[in-house]
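K.L.:
I would like the atomic coordinates for the input below:
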Amino acid sequence: MSNVNINVHHMTRVEGHGNIVVNASDGTVEKVQWQVPEAPRFFEAMVRGRKFDDIQTIVSRICGICSISHSLVAIKAVEDALSIDISEQTDMLRLLMHYSEQLQSHVLHVGYLVAPDLFNAPSVVPLVGKAPEAVKTIIGVHRVANQMSELLAGRITHPITLVPGGFSKVPSEKELRQLQDTLKAQVKPLQTICDVVASVAGNLPNFERDTEYVSLKQDKTYTFYHGDIASTEGTVKPVSEWESVANEYVVDQSTAKWAKWNRETYMVGALARYNNNAEYLSPLGKEVAGMFGLKKGCCNPFMNNIAQLAEAAHVVEHSIELIDKILSKGIEDERPNISPKPGRGYAAVEAPRGILFHAYEFDENFECTWGNMCIPTNQNHANIQKDFEKFVPENLESGEDNLRQGLEMLVRAYDPCISCSTHFLDVEFVR
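P.N.:
Sure, this is the predicted structure:
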């Protein structure tokens with residue numbers, strides 16, 4: 001191939017706006033860039049001066065897809081800052097709520113956004129005619145995840161039941177039993193979805209690049225909610241030191257900050273969680289991983305979507321167990337009784353697309369004086385760029401359309417929330 005000119009302006013089937021630019025002349029790659037052009041969001045500024053119990057309501061608007069993750073990490077950081085303790089019941093119900101978003105987001109991403117690439121279709125709409133039963137199955141599981149969110153969070157997106165110290169409303173025993181029965185009925189549909197994806201998994205590119213993977217890690221648990229920050233490089237840090245893990249910096253091609261820890265880039269998300277915690281997946285999660293030959297240490301970013309399927313099975317299986325544990329202790333209509341103290345707090349949770357950090361500081365009036373957030377996609381931008389720089393030369397002779405499609409699939413494999421990640425604004429002061 002002599003020349004390649006790829007300029008994908010606002011690629012499709014991702015959240016937010018990202019561009020792909022590749023120029024090659026006479027077989028020589030001249031430019032390869034993953035660009036983020038979106039305007040910054042300023043949520044750190046929006047929370048300043050607001051009361052501690054307003055924070056989760058404001059920051060849940062950062063994202064319509066992972067609003068539960070933003071709400072949960074905000075509540076955890078607020079409670080850490082103000083020395084607020086929560087009950088075991090609250091902790092378990094919040095984890096259950098968190099699982100609802102993992103299931104909701106993973107099924108949406110693999111079923112609606114990734115599957116069209118594997119079936120060589122432009123979107124999920126043509127698949128309705130090609131594989132109607134598979135599409136109905138995906139919609140059915142996604143609907144159940146939405147109902148689970150609605151029960152625990154008060155509505156499907158932007159939770160309204162979370163308050164510092166607990167919940168404003170807890171589900172009844174009857175509602176939790178009904179949810180448990182519904183989840184048990186999702187095991188077979190999930191297996192069907194995995195079978196469908198397995199039938200076209202050969203279309204996932206066989207691409208590898210040695211990568212550092214970062215996620216939460218907790219003793220003998222496949223954790224989404226508790227634990228320390230761990231790297232596959234062997235480094236572990238407490239959540240309170242997350243700013244020295246992300247080491248955010250700015251680059252000319254992006255309005256979102258980039259991140260690096262032990263290496264010049266790292267990856268977060270389902271594959272990172274799997275590479276740090278695979279041995280603690282539920283039996284059904286391990287079965288799904290085995291279907292696709294996914295093994296700990298995998299460095300193929302396209303397999304992130306397979307790890308998402310394994311996690312979807314895990315969260316359904318663990319949710320069923322968790323409901324038994326909650327009900328065995330007896331569900332109580334607890335009301336938060338808090339005595340906050342001013343201070344600074346840090347927290348992390350695993351959003352569906354990777355580890356998510358928040359931090360806040362409150363004064364003696366319990367008004368926020370400082371906030372900082374680091375979004376999973378922020379942390380993946382530099383890694384996407386490095387993947388591009390290896391993927392393009394290896395596939396330069398595949399044809400411009402195939403190369404463009406491969407790069408778009410590579411970005412989608414990360415399940416990016418691009419809008420959420422934009423925090424940088426370059427301001428030039430004129431005196």
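
K.L.:
could you dump stretch 94-110 to CSV, C-alpha only?
P.N.:
Taking Å, rounded to 0.1, in the frame of the first residue of the first chain, the C-alpha atoms of stretch 94-110 are listed here in CSV:
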residue,chain,number,x,y,z
ARG,A,94,-24.9,-0.6,47.7
LEU,A,95,-22.8,-3.5,46.2
LEU,A,96,-26.0,-5.0,44.8
MET,A,97,-26.9,-1.7,43.3
HIS,A,98,-23.4,-1.5,41.8
TYR,A,99,-23.8,-4.9,40.3
SER,A,100,-27.0,-3.8,38.5
GLU,A,101,-25.0,-1.2,36.6
GLN,A,102,-22.2,-3.6,35.7
LEU,A,103,-24.8,-6.0,34.2
GLN,A,104,-26.7,-3.1,32.5
SER,A,105,-23.6,-1.6,31.0
HIS,A,106,-21.8,-4.8,29.9
VAL,A,107,-24.8,-6.2,28.1
LEU,A,108,-25.5,-2.9,26.4
HIS,A,109,-21.9,-2.5,25.3
VAL,A,110,-21.3,-6.0,24.0
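
K.L.:
Just the buried residues of that stretch, please?
P.N.:
Buried positions in stretch 94-110, judged by neighbour count with 16 or more other C-beta atoms under 10 Å: 94-110. For glycine as for every other residue, the C-beta is placed from the backbone atoms N, C-alpha and C.

K.L.:
tell me the mean pLDDT for that stretch?
P.N.:
When pLDDT is averaged along stretch 94-110, the result is 97.

K.L.:
same thing with stretch 191-200?
P.N.:
For stretch 191-200, mean pLDDT is 96.

K.L.:
Pull out the buried residues from that stretch.
P.N.:
Neighbour-count burial for stretch 191-200 [16+ other C-beta under 10 Å]: 191-194, 196-197.

K.L.:
what's it in contact with?
P.N.:
107, 110-111, 115, 118-119, 131, 134, 137-138, 141, 288, 291-292, 306, 309, 313 (C-beta atoms under 8 Å, 6 or more residues apart in numbering).

K.L.:
one more time with 7 Å
P.N.:
Stretch 191-200 has contacts (C-beta atoms under 7 Å, 6 or more residues apart in numbering) with 110-111, 115, 118-119, 131, 134, 137-138, 141, 288, 291-292, 309.

K.L.:
Pull it out as PDB, backbone CA atoms only.
P.N.:
Taking C-alpha atoms only, stretch 191-200 is exported to PDB below (Å, rounded to 0.1, in the frame of the first residue of the first chain):
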ATOM      1  CA  GLN A 191     -25.400 -18.400  28.200                       C
ATOM      2  CA  THR A 192     -27.300 -17.800  25.000                       C
ATOM      3  CA  ILE A 193     -25.700 -14.400  24.500                       C
ATOM      4  CA  CYS A 194     -22.300 -15.900  25.100                       C
ATOM      5  CA  ASP A 195     -23.000 -18.700  22.600                       C
ATOM      6  CA  VAL A 196     -24.000 -16.100  20.000                       C
ATOM      7  CA  VAL A 197     -20.800 -14.000  20.600                       C
ATOM      8  CA  ALA A 198     -18.700 -17.200  20.600                       C
ATOM      9  CA  SER A 199     -20.100 -18.100  17.100                       C
ATOM     10  CA  VAL A 200     -18.400 -14.900  15.700                       C
END
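
K.L.:
quick one: the strands in this protein?
P.N.:
3-8, 19-25, 28-35, 162-163, 166-167, 214-217, 228-231, 236-237, 343-351, 354-362, 368-374 (DSSP state E).

K.L.:
Let me know which of those is the nearest to residue 380.
P.N.:
Among the strands of the chain, the nearest to residue 380 by C-beta to C-beta is strand 354-362 (6.6 Å).

K.L.:
now the angle from the closest one to strand 368-374?
P.N.:
Relative orientation of strand 354-362 versus strand 368-374 (axes from the mean of the first three to the mean of the last three C-alpha atoms, to 10 degrees): 170 degrees.

K.L.:
Listing partners with orientation, what would you give for strand 354-362?
P.N.:
strand 343-351 (antiparallel), strand 368-374 (antiparallel) (DSSP bridges).

K.L.:
hmm, back to that, with respect to residue 59, which of the contacts of stretch 191-200 is nearest?
P.N.:
For those, the nearest to residue 59 is residue 110 (26.6 Å; C-beta to C-beta).

K.L.:
so the closest one makes contact with residue 310?
P.N.:
No - assessed by C-beta atoms under 7 Å, residue 110 is found out of contact with residue 310, at 10.9 Å.

K.L.:
least trustworthy helix or strand in the chain by mean pLDDT?
P.N.:
Between all helices and strands in the chain, the lowest mean by mean pLDDT, DSSP states H and E belongs to helix 418-421, at a mean of 78.

K.L.:
Enumerate every residue touching residue 318.
P.N.:
Contacts of residue 318 by C-beta under 7 Å, 6+ apart are 99, 282.

K.L.:
I misspoke; the intended subject was residue 161.
P.N.:
So residue 161 contacts 152-154, 167-169 (C-beta under 7 Å, 6+ apart).

K.L.:
Tabulate these in a markdown table, adding columns for distance to residue 66, pLDDT and neighbour count.
P.N.:
Shown next, in a markdown table, are the contacts of residue 161 (distance: C-beta to C-beta, whole Å; pLDDT from 0 to 100; neighbours: other C-beta atoms under 10 Å):
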| residue | distance to residue 66 | pLDDT | neighbour count |
| --- | --- | --- | --- |
| 152 | 15 | 98 | 27 |
| 153 | 12 | 97 | 26 |
| 154 | 17 | 97 | 16 |
| 167 | 20 | 97 | 24 |
| 168 | 21 | 96 | 12 |
| 169 | 22 | 96 | 12 |
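
K.L.:
farthest pair in these?
P.N.:
Checking these with C-beta to C-beta, the most distant pair is 152 and 168, at 11.9 Å.

K.L.:
For the residue most central in space within the chain, grab phi and psi.
P.N.:
Using C-alpha atoms, centre = their mean, the residue of the chain that lies closest to the mean C-alpha position is residue 353, 1.9 Å off. Phi and psi for residue 353, reported as degrees, to the nearest 10, are phi -100, psi 10.

K.L.:
Pretty sure it sits against residue 375.
P.N.:
No - at 8.8 Å, residue 353 and residue 375 do not qualify as touching, with contact defined as C-beta under 7 Å.

K.L.:
Mind listing the shared neighbours of those two?
P.N.:
residue 417.
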